[in-house]
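In: Here is my input; please provide its structure:
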Amino acid sequence: MDRVFLDANVLFSAAYSPDSALLRLWQVRDAELITSAYAVHEVMANMAGDQMQGRLGEPLSAVQIVPEAPHVALPAAIGLPAADRPILQAAIAVGAAYLLTGDKAHFGRYYRRALHGVRVLPPAEYLCTK
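Out: Coordinates of the predicted model:
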């Protein structure tokens, strides 16, 4: 079973539209979906309106929410902004096989690479393998 960590932007995009292609992630049988309390907080802070929050509720109920992991040290060579470091730290801490993120600006240079055992992918690429 794949342990798949979802970045905040993946959750946001899945909730943005009731027919979002990202909702297919919840149909992957051999995937355990995980995110962090930090990511959930980020999503909720950026959502406008009860309708979007309502659309997030059901998918989020099927995601394991883990605490932040500031104790996980990241090498200086991993150049992520402070706001993105907690996402990778939590993914590493839970032993995720994948970190799915649409954040090309900050994670794009790490796409298809494993960082401390966590392979960073755009969600569509992960879904193409399933």
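
In: Can you show me the strands along this protein?
Out: Along the chain, counting by DSSP state E, strands occupy 2-6, 31-36, 64-66, 98-100, 114-115, 118-121.

In: and the shortest one, average pLDDT?
Out: So that's strand 114-115. For strand 114-115, mean pLDDT rounds to 96.

In: what's the angle from the helix or strand of the chain with the lowest mean pLDDT to strand 31-36?
Out: In the chain, no helix or strand scores lower on mean pLDDT, DSSP states H and E than helix 50-61, which sits at a mean of 81. For helix 50-61 against strand 31-36, the angle by axes from the mean of the first three to the mean of the last three Cα atoms, to 10 degrees is 120 degrees.

In: Quick check: buried residues in helix 50-61?
Out: In terms of neighbour count (16 or more other Cβ atoms under 10 Å), helix 50-61 has its buried residues at Met52, Arg55, Leu56, Pro59, Leu60. Glycine gets a C-beta too; all of them are placed from N, C-alpha and C.

In: Burial-wise, tell me which of the strands of the chain comes out on top.
Out: Comparing these by mean neighbour count (mean count of other Cβ atoms under 10 Å), strand 98-100 ranks first with a mean of 25.

In: quick one: strands adjacent to that strand?
Out: Strand partners for strand 98-100, identified by DSSP bridges, are recorded as strand 2-6 (parallel), strand 118-121 (parallel).

In: Now do the last one: everything it contacts.
Out: Under the criterion Cβ atoms under 8 Å, 6 or more residues apart in numbering, residues 5, 88, 91-92, 96-101, 107, 110-114 lie in contact with strand 118-121.

In: picking up where we left off before, got JSON lines for the strands paired with strand 98-100, with mean pLDDT and distance to Asp30 too?
Out: Putting the strands paired with strand 98-100 into JSON lines (pLDDT from 0 to 100; distance: least, Cβ to Cβ, whole Å) gives the following:
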{"stretch": "strand 2-6", "mean pLDDT": "98", "distance to Asp30": "6"}
{"stretch": "strand 118-121", "mean pLDDT": "98", "distance to Asp30": "15"}
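
In: Low-confidence stretches in the chain?
Out: Counting by pLDDT under 70, the chain has low-confidence residues at 49-50.

In: the helices in it, which residues?
Out: 8-16, 37-46, 50-61, 85-93, 104-107, 123-128 (DSSP state H).
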